[in-house]
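Participant: Sequence unavailable; structure follows:
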Ligand code: PBG
């Protein structure tokens, strides 16, 4: 005789978890290589593959090494790369002038990537910080990051990148009005087919630390340089505001909208997915990568499990596209 007679449980959620076959049928979210974009760091030189100490397994690559990497990523089926340049300090100035050189590191990287794998989508970053001696995304004057003055530069930068063959330009600067300014400039120069992936809701986050190490792009201290990016990147406390940014970006002509970082902002990804009429991207940033890799290195978490769970969670929240330093590793796992 049974001692405990449960109430009549005709509904048992565990039925759909009983084995891997039924779990596959019941699965709501799928992660595929199609969703992944690999960010790559490029540097001048030859034969350089320099590991970034705060991002184990990620490298600053000279263009010959980048070409090899791009071919490997293409073979794995990864649809796109996002390029970020490590610019030599001597080339940095307050206007970020090096960003406008058609023979600069990024234009050459774009051409090299396209030669390495013609079908690889090349996404370029539009912001001043890698080129700025002040380490800000815009021009600093009188202790302030100047919005409207910066817009002209961003537009010129986007046109240079498009001229080199970038498929998608991605403004990560958070200046007001930059999507429209860039769209107008691209259209006026015949680049009507180049898409804009806007960093719609980019937060003033502590999780960008390793990225700033990789590019040596942190805001400089001293003088009247603002010590952080809080006057242009969003307050981590705000969610509704992301929808206002989305409204503006869509009105200004953004083709895709991004949330950054990813895991601490899953609610924002979800909100954007509810309201956006364009694909939503999420940037699983350097600090998120570093935390996971370091914990795994110490044997505290399972690397592959935590990686796949993180990327799946970002998809579940509503991201169509994920920029992640795990792109290659995840693609290998998915194969
Ligand atoms: C800056 C930029 C940043 C990242 C991408 N573009 C950092 C910042 O705003 O300081 C961060 C990416 C990452 O942390 O992986 N335009």
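Facilitator: Here it is on my side, so go on. Computed from a predicted structure; not experimentally measured.
Participant: what number of residues lie near residue 103?
Facilitator: For residue 103, the neighbour count with other CB atoms under 10 Å is 8. C-beta coordinates here come from the backbone N, C-alpha and C atoms, glycine included.
Participant: any idea how far it lies from the ligand?
Facilitator: Noted for residue 103: a distance of 22 Å to the ligand, by CB to the nearest ligand atom, to the nearest Å.
Participant: same thing with residue 82?
Facilitator: Using CB to the nearest ligand atom, we find residue 82 at a distance of 9 Å from the ligand.
Participant: In a strand, that residue, correct?
Facilitator: Yes: applying DSSP: H, G, I helix; E, B strand; the rest coil, one finds residue 82 inside a strand.
Participant: Stretch 201-220: how far from the chain's middle?
Facilitator: 12 Å (CA atoms, centre = their mean, to the nearest Å).
Participant: Check whether it comes near the ligand.
Facilitator: Yes: using CB under 6 Å from any ligand atom, stretch 201-220 reaches the ligand at 208, 211, 212.
Participant: and the end-to-end length of that stretch?
Facilitator: One end of stretch 201-220 to the other measures 24 Å (CA to CA, to the nearest Å).
Participant: could you give the mean pLDDT of that stretch?
Facilitator: Averaging pLDDT along stretch 201-220 gives 95.
Participant: In it, which residues are buried?
Facilitator: By neighbour count on 16 or more other CB atoms under 10 Å, the buried set for stretch 201-220 is 201-203, 205, 207-215, 217-220.
Participant: Closest to the centroid, which residue in this structure?
Facilitator: Nearest residue to the geometric centre of the chain (CA atoms, centre = their mean): residue 283, 4.0 Å.
Participant: Doesn't that one belong to a strand?
Facilitator: Yes: residue state for residue 283 (three-state DSSP) corresponds to a strand.
Participant: The residue lying closest to it once chain neighbours are set aside - how many residues pack around it?
Facilitator: Once flanking residues are discounted, residue 283 sits nearest to residue 260: 3.8 Å by CB to CB, 6 or more residues apart in numbering. By the criterion of other CB under 10 Å, residue 260 has 24 neighbours.
Participant: so how far is the ligand from residue 260?
Facilitator: From residue 260 to the ligand the distance is 7 Å (CB to the nearest ligand atom).
Participant: Next: residue 222.
Facilitator: Where the ligand is concerned, residue 222 sits at a distance of 18 Å (CB to the nearest ligand atom).
Participant: Around that residue, count how many other residues there are.
Facilitator: If you count neighbours by other CB under 10 Å, residue 222 ends up with 7.
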